[in-house]
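[1] any chance you can model this:
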Amino acid sequence: MEFYEAVNSRRTVREFQDEPISTEVLERIVSSAFKAPTNDHMRDWHYVIIRDKKTAAKLLDIIPKGISDEDMDRLIRDWDLSDSLQQECYRSAVPKQYRMLFEASAVIIPLLKQKTDVLHPENISHLNGFASIWCSIENLFLAAAAEGYACNLRVPLGNEAEYAKEVIGAPEDHLMPCFIGIGRPKKDLVPVKQKPISLKERIHWEKF
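    Model prediction:
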């Protein structure tokens with residue numbers, strides 16, 4: 001797939017076909033993550049790939065399996081989601097947080113060797129390593145799109161990261177930024193509407 005085709009076709013997908021992904025393809029997709037910019041040239045990243053459903057069930061057991069309508073309404077109020085399209089996106093995504101990962105062909109856990117406290121940085125430079133792994137994750141997402149697959153992600157809440165790291169045996173000094181689900185998108189999915197963006201309003205020349 002041509003590069004801009006992959007960029008334009010990339011979508012967050014939360015419903016997948018029941019189809020395995022070969023080791024060769026997964027390695028090719030994840031290898032693209034290591035081509036991303038890195039802040040210290042060390043690429044202190046690791047990616048744990050889980051395909052076994054029993055392991056996935058244990059890994060994801062800490063994630064809520066649904067949400068009531070009342071809690072969803074409260075979340076929208078608490079997070080001040082006033083835009084109707086934004087509300088629609090959240091109402092679609094939040095109830096699928098467990099299922100979108102468990103029903104994926106694989107769950108991928110990125111890990112970053114933590115050299116600074118990213119939750120309490122002394123300056124913005126202390127976030128360089130955290131920024132780098134997100135560049136790495138975006139490479140993975142684009143590579144998945146180029147292979148005809150799609151991804152979703154969940155940023156851990158509460159103690160989800162600590163629990164997941166224990167399940168997969170990750171070192172204590174490694175930071176887990178997210179859960180990633182990857183698979184072949186279910187056929188005839190209706191994409192969630194996105195708020196239109198005007199490039200003329202968002203791209204600025206010489207000054208804001």
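[2] what pairs with the longest strand along the chain, parallel or antiparallel?
    In the chain, taking DSSP state E as the definition, the longest strand is strand 106-113. Taking DSSP bridges as the criterion, strand 106-113 forms sheet pairs with strand 45-50 (antiparallel), strand 174-175 (antiparallel), strand 179-183 (antiparallel).
[3] deepest-packed of the ones you listed, please.
    strand 179-183 (a mean of 26; mean count of other Cβ atoms under 10 Å). For every residue, glycine as well, the C-beta is placed using N, CA and C.
[4] which residue packs closest to the residue nearest the centre of the chain, ignoring adjacent ones?
    The C-alpha lying nearest the average C-alpha coordinate of the chain belongs to L153 (Cα atoms, centre = their mean; 2.6 Å). Nearest residue to L153 in three dimensions, chain neighbours excluded: C178, at 4.5 Å (Cβ to Cβ, 6 or more residues apart in numbering).
[5] what residues of stretch 57-68 count as buried?
    L59, L60, I62, I63 (16 or more other Cβ atoms under 10 Å).
[6] in which helix or strand would I find the residue nearest to the centre of the chain?
    Assigning secondary structure by DSSP states H and E places L153 in strand 150-154.
[7] packing partners of that strand?
    Contact here means 3 or more Cβ pairs under 8 Å, 6 or more residues apart in numbering; DSSP states H and E; on that basis strand 150-154 packs against helix 99-102, helix 128-146, strand 179-183.
[8] quick one: contacts for the residue nearest to L153?
    P110, I137, L153, R154, V155, P156 (Cβ atoms under 8 Å, 6 or more residues apart in numbering).
[9] identify the farthest-apart pair in these.
    Within the contacts of C178, I137 and P156 form the most distant pair, 13.8 Å apart (Cβ to Cβ).
[10] of those two, who's got more company?
    Counted by other Cβ atoms under 10 Å, I137 and P156 do not tie: I137 has more neighbours, with 21 against 17.
[11] got the contact list for that one?
    A33, P110, L153, P177, C178, I180.
[12] in JSON lines, list the residues you listed along with pLDDT and distance to F130.
    Shown next, in JSON lines, are the contacts of I137 (pLDDT from 0 to 100; distance: Cβ to Cβ, whole Å):
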{"residue": "A33", "pLDDT": "97", "distance to F130": "15"}
{"residue": "P110", "pLDDT": "98", "distance to F130": "11"}
{"residue": "L153", "pLDDT": "97", "distance to F130": "15"}
{"residue": "P177", "pLDDT": "97", "distance to F130": "7"}
{"residue": "C178", "pLDDT": "98", "distance to F130": "11"}
{"residue": "I180", "pLDDT": "98", "distance to F130": "16"}
